[in-house]
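Asker: sequence unknown, structure follows:
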Ligand SMILES: [Zn+2]
């Protein structure tokens with residue numbers, strides 16, 4: 001079995017805040033953005049006004065390569081709300097820029113899941129927003145896509 005389509009229905013859309021709007025605007029442009037501190041140079045994924053590591057207000061938006069690996073995953077077989085279509089694979093992605101983010105894996109066979117599976121971001125456009133999913137790097141250009 002291959003999970004090939006995003007599971008999210010339109011009623012579960014994101015609600016950007018003034019802090020998170022740059023991230024969502026980046027998604028719309030198919031760019032995965034994160035914050036990096038210009039003082040301590042560490043990465044931060046959850047948009048924040050101050051660096052969670054050194055507490056300075058020197059966070060700046062930066063574009064990620066969109067590549068990384070699976071840090072952890074779970075195949076979800078029971079929908080938490082009607083907005084979700086099961087099964088889907090919830091993952092914690094570890095990006096090359098040294099930050100983690102929760103997302104879903106698409107274009108994947110759950111039987112092939114493993115720690116450190118190389119993945120790449122795959123943006124999916126909905127009517128009013130764009131979401132960043134991930135897919136195995138090996139499936140790019142394959143018939144699964
Ligand atoms: Zn810092």
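Answerer: Perfect, I can see it now. These numbers were taken from a predicted model, which means no experiment stands behind them.

Asker: Wait, residue 31 touches residue 61, no?
Answerer: No - taking contacts as C-beta atoms under 8 Å, residue 31 lies outside contact range of residue 61: 9.6 Å. Any C-beta I mention is one placed from the backbone N, CA and C, and that applies to glycine too.

Asker: Neighbour count: those two, which is higher?
Answerer: Higher neighbour count among residue 31 and residue 61: residue 31, with 18 against 14, using other C-beta atoms under 10 Å.

Asker: Any figure for the gap between that one and the ion?
Answerer: 22 Å (C-beta to the ion, to the nearest Å).

Asker: Give me the neighbour count for the nearest residue to that residue once chain neighbours are set aside.
Answerer: Distances taken as C-beta to C-beta, 6 or more residues apart in numbering put residue 63 closest to residue 31, at 5.1 Å, once the chain neighbours are dropped. Around residue 63 there are 12 other residues, counting by other C-beta under 10 Å.

Asker: Same question for residue 26.
Answerer: Neighbour tally, residue 26, other C-beta under 10 Å: 20.

Asker: Phi and psi next, for it.
Answerer: Phi and psi for residue 26, reported as degrees, to the nearest 10, are phi -60, psi -40.

Asker: same thing with residue 24?
Answerer: Note on residue 24: backbone dihedrals following degrees, to the nearest 10 are phi -70, psi -40.

Asker: Quick one: neighbours of it, just the number.
Answerer: By other C-beta under 10 Å, 18 other residues sit near residue 24.

Asker: roughly how far apart are it and the ion?
Answerer: Distance from residue 24 to the ion, by C-beta to the ion: 23 Å.

Asker: now that residue, nearest residue through space, not along the chain?
Answerer: Nearest one to residue 24, counting by C-beta to C-beta, 6+ apart, is residue 16 at 4.4 Å.

Asker: Number of residues surrounding the one you found?
Answerer: 15.

Asker: host element of it?
Answerer: In the assignment (DSSP states H and E), residue 16 maps to no helix and no strand.

Asker: who's in contact with it?
Answerer: Contact analysis of residue 16 by C-beta atoms under 8 Å, 6 or more residues apart in numbering lists 23-25.

Asker: Please apply the same query to residue 44.
Answerer: Per C-beta under 8 Å, 6+ apart, neighbours of residue 44: 34-37, 51-53, 59, 99.
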